[in-house]
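[1] show me the folded form of this:
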Amino acid sequence: MENIHTMQTRSKSKVERISLENNDGRYKVDIDFDEASRMWRENKKQVSSGVFVYLCGYVFPGKNKKCTNRCMNGLDMCYIHRYKRLRNSDSSSSDSD
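    Prediction:
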């Protein structure tokens, strides 16, 4: 009897049925490298051959568009959204005093 597993892709665009085992009992590997590459590059920008930088990815409310500025070193946001978040957290902590 063959094991069938239903999984949803990260993009949630389709549902795939994959067989977990071949007839000889070994696991079947079926990887869509094109889709994996697209997903990996989704939050990165290529700056030279083989060199990528992370993008901020802040989603603008109501526009459904992402910020395309580079992230600050070691952070997950660009300089604009990092400081906006810091100012918002400072004002909310001062409100509670």
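[2] next up, the contacts around residue 57.
    Contact analysis of residue 57 by Cβ atoms under 8 Å, 6 or more residues apart in numbering lists 43, 66-67, 76. C-beta coordinates here come from the backbone N, C-alpha and C atoms, glycine included.
[3] who wins for most neighbours among those residues?
    Within the contacts of residue 57, neighbour counts (other Cβ atoms under 10 Å) peak at residue 67, which reaches 16 neighbours.
[4] my guess is it contacts residue 78. True?
    Yes - counting by Cβ atoms under 8 Å, residue 67 touches residue 78, with 6.1 Å between them.
[5] which stretches of this structure have low pLDDT?
    Residue ranges of the chain with pLDDT under 70: 1-23, 25, 90-97.
[6] which stretches of it form helices?
    In the chain, the helices defined using DSSP state H lie at 33-41, 79-95.
[7] mean neighbour count and distance to residue 60 added to these, as CSV?
    CSV is the format used below for the helices of the chain (neighbours: other Cβ atoms under 10 Å; distance: least, Cβ to Cβ, whole Å):
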stretch, mean neighbour count, distance to residue 60
helix 33-41, 11, 21
helix 79-95, 11, 10
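[8] can you lay out those helices as CSV showing distance to residue 56?
    Compiled in CSV, the helices of the chain are given as follows (distance: least, Cβ to Cβ, whole Å):
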stretch, distance to residue 56
helix 33-41, 15
helix 79-95, 6
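[9] still on that earlier bit, can you put the contacts of residue 57 in CSV and add distance to residue 83?
    As requested, the contacts of residue 57 are arranged in CSV below (distance: Cβ to Cβ, whole Å):
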residue, distance to residue 83
43, 20
66, 18
67, 13
76, 14
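[10] which of the residues you listed lies closest to residue 86?
    In terms of Cβ to Cβ, no member of the contacts of residue 57 lies closer to residue 86 than residue 76, at 13.4 Å.
[11] surely the closest one meets residue 58?
    No - using Cβ under 8 Å, residue 76 is not in contact with residue 58; the gap is 9.5 Å.
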